[in-house]
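A.B. asks: Have a look; sequence and predicted model below, questions after that.
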Amino acid sequence: MGSVSTDPGVSTPDSVRLALPHEGASIASVQRRSWQQTLPAEVAESLWRSVDLDAMTQSWESAIMRPPLAELRVLVAVNAEGRVVGFAAVGPSDDPDAEPGEDALVAEFVVDPSAQRQGHGSRLLNAVADTLRADGFTRATWWVRSIDDVTRRFVTESGWEADGAHQEVETPDEAARVKMVRLHTAL
């Protein structure tokens with residue numbers, strides 16, 4: 001994984017690395033912007049109403065600085081200017097059928113809508129696989145919205161496959177439900 005220079009006169013290539021605590025606000029902002037593009041309108045509106053930016057920022061800062069498990073990681077994709085343009089949160093799978101120590105989960109994976117189709121998603125996905133492999137996992141799973149053809153195509157073209165598992169999740173205010181399918185890959 002690359003690094004980002006803190007010298008404003010030095011540009012670095014697009015890269016992926018572990019998130020830094022001060023990047024919690026950037027991650028939360030990218031996540032909120034992605035809701036408008038990736039979620040049905042009623043789900044996006046429900047999330048906007050139920051979760052504020054400050055709470056999200058604090059949650060991401062905590063996940064970066066004090067993860068409950070060493071294998072819980074937040075990765076960021078950064079552009080040549082050092083701006084966060086995507087992120088992923090990964091760790092052990094909490095699915096009931098997961099094999100402890102073997103199965104990992106891609107809990108969040110977002111590329112800022114304005115930075116898509118520039119290679120950031122591919123770099124981020126490769127870094128996710130490398131990180132999970134380095135942590136000793138042998139399989140990864142990823143819950144994707146059943147109607148999110150763009151993400152599903154991106155993931156399946158990268159070697160992931162549906163494993164037949166599905167679920168419905170509710171928004172925090174119970175205003176909407178989202179159908180999810182699970183994809184998996186060997187690491």
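C.D. replies: Now that the structure is in, tell me what you want to look at.

A.B. asks: How about the residue nearest the centre of the chain: which residues does it bridge to?
C.D. replies: The residue lying closest to the centre of the chain (CA atoms, centre = their mean) is residue 109, at 2.1 Å. Listed beta-bridge partners, residue 109: residue 88 (assigned using DSSP bridges).

A.B. asks: Quick check, it in contact with residue 125.
C.D. replies: Yes - counting by CB atoms under 8 Å, residue 109 does reach residue 125; the two are 7.5 Å apart. C-beta: built from backbone N, CA, C; applies to glycine.

A.B. asks: Quick check: neighbours shared by these two?
C.D. replies: With contacts defined as CB atoms under 8 Å, 6 or more residues apart in numbering, the residues shared by residue 109 and residue 125 are residue 88.

A.B. asks: This structure: helices as residue ranges?
C.D. replies: Remark: helices assigned in the chain by DSSP state H are 24-38, 41-50, 53-65, 120-134, 149-156.

A.B. asks: Show me what the first one is packed against.
C.D. replies: Counting contacts by 3 or more CB pairs under 8 Å, 6 or more residues apart in numbering; DSSP states H and E, helix 24-38 is packed against helix 41-50, helix 53-65, strand 73-78, strand 84-92, strand 103-111.

A.B. asks: Could you export those as a markdown table, including distance to residue 20 and mean pLDDT?
C.D. replies: Putting the helices and strands packed on helix 24-38 into a markdown table (distance: least, CB to CB, whole Å; pLDDT from 0 to 100) gives the following:
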| stretch | distance to residue 20 | mean pLDDT |
| --- | --- | --- |
| helix 41-50 | 25 | 66 |
| helix 53-65 | 7 | 89 |
| strand 73-78 | 8 | 96 |
| strand 84-92 | 9 | 96 |
| strand 103-111 | 17 | 95 |
